[in-house]
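Q: Structure for this input, please:
(2 chains)
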Amino acid sequence: MLSRVADSIYWTSRYIERAEAVARFIAVNLNISMDLSTAGNQQWRPLVTTTGDNEMFSETYGEATKRNVIEFLTFDRKNPNSILTCLINARENARSIRERISAEMWEHINRFYLMVKDVGDAEGILDDLHDFYDAVRNSGQQFVGVTDATMTHGEGWHFCQLGRFLERADKMSRILDVKYYILLPSPQHVGSPFDDLQWAALLRSASAYEMYRQRFGRITPHNVVDFLMLDKEFPRAVLHCLTRANESLHAITGSDIEGFTNLPEQRLGQLRAEFAFTSATDIIGRGLHEFIDDFQTRLNSVGESIGTTFFSLQPV
Amino acid sequence: MFSPGGSPRTNCQLLYQHIQELTSNDLRKRKTAAERSMIRLGITFNVYGEQEGTERIIPFDILPRIIQGEHWSWISKGLKQRIIALNMFIDDIYHDQKILKDGVIPEHVVRSASSFRPQCVGLNPPHGIWCHITGTDLVRDGDGEFYVLEDNLRCPSGVSYVLQNRQLMKQTFPGLFEAQFVRPVDDYCSQLLDALNYLAPEHIEKPQVAVLSPGIYNSAYFEHSFLAQQMGVELVEGRDLVVRDRRVYARTTKGLRSVDVLYRRIDDDFIDPQAFRKDSMLGVPGIMDAYRAGNVALANAPGTGIADDKVIYAYVPDMIKYYLSEDAILPNVPTFVCWDDKQRDHVIKNIAEMVVKPANESGGYGMLIGPRASKEEHAKFVDLIKANPRNYIAQPTLSLSRAPVIIDDHLEGRHVDLRPFIIYGRDIYVLPGGLTRVALRKGSLVVNSSQGGGSKDTWVV
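A: Presented below is the predicted three-dimensional model:
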C-alpha cells in the first residue's frame, strides 16, 4: 500500500473518532449541567483545558461560557480539534484516497461533514444541542460499521483500526481527566450523591453506563477508573484499545505479536503491557491526572513512530 | 431535439412523449433529486483560486441529447480516421518530419509551436502509439453538420461525467432506458484498462498500472480518482513515485514497488522537473529517463501537445490526405491562421464576426468572440494578433446548435457541443456518445465548466 494512502486512511479514521470524542466530551458536560443547574459556567473551562487548546481559546473568546466553549469545540474552523475541523480533515484525507475506500465510506463521511457544516451555518443551534451531539456520535459509530462491513479487512483496514483505537485510547483517558478537573475545586464532594451523578454522566457519555453496571453494579470512582482504563473487553476501555491497536500493528507488518520488529511495535507493546499489569489502586495511588498525563505523552510517541516508520515520504 | 418546424424529431418522440406527461413540478423534482445525489456522491470539480467550498457540481440537465445510430457510425468513423492520422503526424514530427520536408505543413509552424518538445525527438513509445486517450470537441452548425472544433490530445477531462451522468439518468428515467435502445457507455473503464495494460513491456505478466494525478487540488481530481477506482488501479501523485536506475517505483508501507504503466494526468511541462519545467513540484524527477529507457509507459505520450496547437489543427485535413490518402470524413471548422499575411488581413478586417483563439490555451481562456465583444476588445485583439501572429487563429462564429434545457419550470434552448472520447490501444474504441456540454447562460456560446457550463447525458440510439 502506498505510504501516502496508508497515512490518509489512518488519519481519516482518527479524525472521525476524534470528532465523535469531542461530541462525547460536550455531552458529558451538558448532562452534568442539566443535573446541577446551579453549578453555572465554571464547568466549561475544564473542557477546553483537557483538549489542550486553552491559550487559543482565551485569545479568541475570553470567557469560558457554555456558548463560547460549544462554539469553539464544535464549529470553530480555526480550532484544529473542533468537530467541524476534524470532519473537514477527515473528508480531505478520504477525498484523496476515494479509490481505495468503499463508496459507502466516502458517502458517509461526506454526509457527516455536510450535516455538521449545515448546523454550524444555521442560526440558533443551542436549542437542539442534545440531538445534535447524539447525531454526531451516531454518525461516528456508523462510520465504524460501514468501514467494517464494506472495506476489505486487509492492510488498509488495519491502518484504519490502528488510527481509531489509538485515538479512542487517548480520548478516553482525557474524558477521565475532565472529571478530575471538575472535581478539583471541591474535593469535599467526593463520595456524595452529587459526585455519583457526575460519574454516571461520565459513564453515559462514554457509552459505558450499562456495561459498567453489569460488571460492578455500584458506582465508585475506583471501579470507574478500573473499568474505563483497564477493562479487557469493553471496546472503549483504554487497555482494550491498546490491545486492538497492537493487533492491527502486527497484522500490518506480519510480525509475531509477542515481540517487536520496529519502533512503533516496541513502544506500543511496552505501553500495553504496563496497562495489562497495573491496577486501579496503583493508578489512583500515583494520582490519576499524573498517570494520564504520562500515558498521553507515551501514546504520542507511539503515534510519531508510526508516522516515521510507515508514512514518511522522505526518500527511503 | 426538434426539427425546424417545431415538431419533435423522429428519434426523440418517445422522450418527448415522456416529458409531456411530466408536470413541470415533476421535472423540477427530478432535476433537484439528480443534483442532490451529485453533491452527496461528491461528483465535483474544483474552481481555482478559492478556499473551502471550492468544489462545485457541474450543473446537470436531465434531458438527454439524442443522436441517431447511423449518424453516430459516421461520426465514429471520422474520429477513428482523424486519430490515426494525428498519431502518424506526431510520430513523424518526432522522427523524420516527412510531412514538413514534403511541404504539406510549413516547417516554421511546427518549430515555433510552444508545445513542440525537443526532448521527445527520436522517442519510440510502445506500439508506436502516442495519443492513447483523446477527447475531440465537436460542434454542430446551423447546417446540421458536425465539425471538429478541437482535438484534445493531452489530458482531456470529462469522461467521468459521462459515466456518472448515465448512472443518474438511469435513476431519473428508468422506464425510458428499457424502451429505448441506448448504447451503453459502461465499458469505458475496461477499455481504458486494456489499452493501458497493452503498453506494458511484454515480459511483464501482471503490469502495475497507476493513474498519476497532480493531487486533490486539481480541477479534475474527481475524475482521476474515479477512473483509478473503476479500473481498480492505484492513484498516485508525484510525491509517491521515485526513480532509481531508470526505473519507476512507488513508495509503499513495505518499501519500493515498481510501476510499469502510468495514465498520467499531469501536463508535459510538470511531469519531470529534470526534463521540463524545473520548478514543478508535481512531477517525478527522472521519469523521462525511465520512459526513454522503455521501463515505464506513459499515456498519453509526452509530446502529443504538438497536435493540439490550434495552428496545427488547421492542417489536420491535409494530414489525413497526406498519410492516409483519404478525404477527411469530419470537416474542420474553417480556420484562418494569422501568421499568413493574407489570412491575417482578412481576420483583422472581419474581427467583429470572428472567434479568435490563442494557439495554446484550453478551458476557454483568452479568446475573443467577435459578435459579443466591444470595439475596445476588438482593437485589443487586433494588437495582440499583430504583436504575435503565430499565436492566433480565427474562425467564423458558428451558430452552434441548441438543445432544450430545463430552466426553472420550463424548457429553453441552450447552445451545446459534444466531446466524444477515443481510446487508442490494440484497436480504436470510440465511446458511444460523449459529454454534451451546455452553455447555461442564455445566448452564451461558452460551454466550459470553468466558465459556468453544464452537462447532459448523450444517447446514441
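
Q: all contacts plus neighbour counts: C-alpha atoms, from now on.
A: Noted.

Q: How many residues are close by A:A94?
A: 25 (other C-alpha atoms under 10 Å in any protein chain shown).

Q: Any figure for the gap between it and chain B?
A: 10 Å (C-alpha to the nearest C-alpha, to the nearest Å).

Q: Just give the closest residue to that residue, not the sequence neighbours.
A: A:T12 (6.0 Å; C-alpha to C-alpha, 6 or more residues apart in numbering or on different chains).

Q: How about the contacts made by that neighbour?
A: A:N89, A:A90, A:R91, A:N93, A:A94, A:C160 (C-alpha atoms under 8 Å, 6 or more residues apart in numbering or on different chains).

Q: ditto for B:P404
A: B:M1, B:L63, B:L411, B:E412, B:G413, B:R414.

Q: Can I get whichever strand or helix holds the fifth one in PDB, CA atoms only?
A: For B:G413, the element it lies in under DSSP states H and E is strand B:410-419. Listed in PDB are the C-alpha atoms of strand B:410-419, where the atom choice follows Å, rounded to 0.1, in the frame of the first residue of the first chain:
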ATOM      1  CA  HIS B 410     -40.000  25.200 -18.400                       C
ATOM      2  CA  LEU B 411     -37.700  24.400 -21.300                       C
ATOM      3  CA  GLU B 412     -35.400  26.800 -23.100                       C
ATOM      4  CA  GLY B 413     -32.900  26.300 -25.900                       C
ATOM      5  CA  ARG B 414     -29.200  26.500 -25.000                       C
ATOM      6  CA  HIS B 415     -26.100  26.100 -27.100                       C
ATOM      7  CA  VAL B 416     -24.300  22.700 -26.800                       C
ATOM      8  CA  ASP B 417     -21.200  21.000 -28.000                       C
ATOM      9  CA  LEU B 418     -20.100  17.300 -27.800                       C
ATOM     10  CA  ARG B 419     -16.900  15.700 -26.600                       C
END
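
Q: Buried residues of it, list them for me.
A: Residues of strand B:410-419 classed as buried: B:G413, B:R414, B:H415, B:V416, B:D417, B:L418, B:R419 (neighbour count, 16 or more other C-alpha atoms under 10 Å in any protein chain shown).

Q: Give the other helices and strands that it contacts.
A: For strand B:410-419, the packing partners by 3 or more C-alpha pairs under 8 Å, 6 or more residues apart in numbering or on different chains; DSSP states H and E come out as strand B:137-140, strand B:402-407, strand B:435-439.

Q: picking up where we left off before, check the gap between the residue nearest to A:A94 and A:L268 for me.
A: Noted for A:T12: a distance of 21 Å to A:L268, by C-alpha to C-alpha, to the nearest Å.

Q: what does B:V233 give?
A: 33 Å.

Q: Likewise for B:L324?
A: Distance, B:L324 to A:L268, using C-alpha to C-alpha: 68 Å.

Q: and A:E210, how many neighbours does it have?
A: 11.

Q: and it, what element?
A: Per DSSP H and E, A:E210 falls inside helix A:209-216.

Q: cool, and A:A149?
A: Using DSSP H and E, the element containing A:A149 is helix A:129-150.

Q: what about that helix and chain B, touching?
A: No. Residues of helix A:129-150 contacting chain B under C-alpha under 8 Å from any C-alpha of the partner chain: none, with a closest distance of 14.8 Å.

Q: likewise stretch A:80-88?
A: No. Stretch A:80-88 lies out of reach of chain B by C-alpha under 8 Å from any C-alpha, never closer than 9.3 Å.

Q: Do stretch B:247-255 and chain A come into contact?
A: Yes. Using C-alpha under 8 Å from any C-alpha, we find that stretch B:247-255 touches chain A at B:A250, B:R251, B:T252, B:T253, B:K254, B:G255.

Q: Buried residues, stretch A:53-69. List them.
A: Buried residues in stretch A:53-69 (16+ other C-alpha under 10 Å): A:D53, A:F57, A:E63, A:A64, A:T65, A:K66, A:N68, A:V69.

Q: Oops, could you answer that again for stretch B:149-163 instead?
A: Under 16+ other C-alpha under 10 Å, the buried positions of stretch B:149-163 are B:149-163.

Q: What residues does A:R213 make contact with?
A: A:I219.

Q: And the helices in the stretch 101-250 of chain A, which stretches?
A: Ranges of helices in the stretch 101-250 of chain A, per DSSP state H, counting those that start in this stretch, are A:103-121, A:129-150, A:155-183, A:193-205, A:209-216, A:221-230, A:238-253.

Q: What residue in the stretch 101-250 of chain A comes nearest to chain B?
A: Distances between the stretch 101-250 of chain A and chain B by C-alpha to the nearest C-alpha are smallest at A:E107, namely 5.9 Å.

Q: count of neighbours near that residue?
A: 19.

Q: what's next to stretch B:62-71, contact-wise?
A: B:1, B:11-12, B:30-31, B:34, B:169, B:172, B:403-406, B:433, B:436, B:456-461.

Q: next one: that stretch to chain centre, how far?
A: How far stretch B:62-71 lies from its chain's middle: 19 Å, per C-alpha atoms, centre = their mean, to the nearest Å.

Q: What residues of that stretch count as buried?
A: Buried, per 16+ other C-alpha under 10 Å, within stretch B:62-71: B:I62, B:L63, B:P64, B:R65, B:I66, B:I67, B:G69.

Q: what about the fifth one, which helix or strand?
A: Just to be clear, that refers to B:I66. strand B:60-67.
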